[in-house]
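A.B. asks: this is the structure alone, sequence omitted:
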């Protein structure tokens, strides 16, 4: 399979600590998204986890990336469907959420709707029933499922995912007790690999010491090579593969995504904002800086 069908991006695009590094302080919300689309291949909508987006907003996202026809979105499912499981969701909640993402879907820009479940979501009959409800209600949507507990490393789980049309989301996370290990599984036409970083100290903290501290991690060159071996195994099995970095603290995800793009596309010139290159000098040898290479004064 040609590696130009591997899309590399980040989880989210509008973080306060990316200002003056990925994009200038003076830029608008549209400018921030446009910047990410200019340098990367895809992005996950992170805000949809916290609240359903308005159709007007997601329609604006489509218009913002009109100049980047190959750019794709993935979107996190609202936490009502993944974390608030004491009672079934209502028809009104389902319609509110899906209506908000419909512009992305109708524009052919939405590649996956990611149901990201917490570590506490174990492989039980009750939780499998919950997943079956997801499959029933969201039939026709491209559903990806991320589980984090190693109880899902069971022989029949991949078959369960295939049976229900779920995209298996491989993850890289801290290697702590009962955390699902990285894999290279594919259960359909789409491959998916999310890299959360390996900040073991903060992973299970209710309140990390700093904003985004759970995802404060920069992958090393050797760790990226390890991840790429898994990505290539996924890509051989899938028609298209999405590699998403969630280690977003201080734009580390953006830097690591660029490093992976360089490795996957050795014959293509990979560009990067000059301020990103200045903050992450390891990029100097492999990317072309764009703009003025100057960090803001502290």
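C.D. replies: Yep, it's here. Computed from a predicted structure; not experimentally measured.
A.B. asks: look up how far residue 123 lies from residue 155.
C.D. replies: According to CB to CB, to the nearest Å, residue 155 and residue 123 sit 11 Å apart. C-betas here are computed from N, CA, C, even on glycine.
A.B. asks: what of residue 258?
C.D. replies: On the measure of CB to CB, residue 258 and residue 123 end up 36 Å apart.
A.B. asks: among these two, which residue is more densely surrounded?
C.D. replies: Ranked by neighbour count (other CB atoms under 10 Å), residue 258 and residue 123 place residue 258 first, with 24 against 16.
A.B. asks: give me the pLDDT for the closest residue to the more buried one other than its chain neighbours.
C.D. replies: In space, and not counting its chain neighbours, residue 258 is closest to residue 272: 5.2 Å by CB to CB, 6 or more residues apart in numbering. At residue 272, the predicted lDDT confidence score is 97.
A.B. asks: and for residue 295?
C.D. replies: 47.
A.B. asks: same question, residue 266
C.D. replies: Reading off the model, residue 266 has pLDDT 86.
A.B. asks: next one: phi and psi at it?
C.D. replies: With angles defined as degrees, to the nearest 10, residue 266 sits at phi -60, psi -20.
A.B. asks: one more: residue 230?
C.D. replies: Dihedral angles (degrees, to the nearest 10) for residue 230: phi -70, psi -40.
A.B. asks: residues near it, how many?
C.D. replies: 19.
A.B. asks: for it, give its distance to residue 206.
C.D. replies: For residue 230 relative to residue 206 (CB to CB), the value is 30 Å.
A.B. asks: ok, residues contacting stretch 10-22?
C.D. replies: The contact list for stretch 10-22 (CB atoms under 8 Å, 6 or more residues apart in numbering) reads 25, 29, 32-33, 35-36, 40, 43-47, 76, 194, 211-212, 244-246, 248-251, 253-254, 257, 273, 275-276, 279, 295-296.
A.B. asks: drop anything exposed from those.
C.D. replies: If you count burial by 16 or more other CB atoms under 10 Å, the buried members of the contacts of stretch 10-22 come out as 32-33, 35-36, 40, 43-46, 76, 194, 212, 244-246, 248-251, 253-254, 257, 273, 275-276, 279.
A.B. asks: keep only those of those residues that are in strands.
C.D. replies: 43, 44, 45, 76, 194, 244, 245, 273 (DSSP state E).
A.B. asks: who are the contact partners of the first one?
C.D. replies: It refers to residue 43. With contact set as CB under 8 Å, 6+ apart, residue 43 has these partners: 9, 10, 11, 12, 13, 33, 36, 37, 71, 73, 74.
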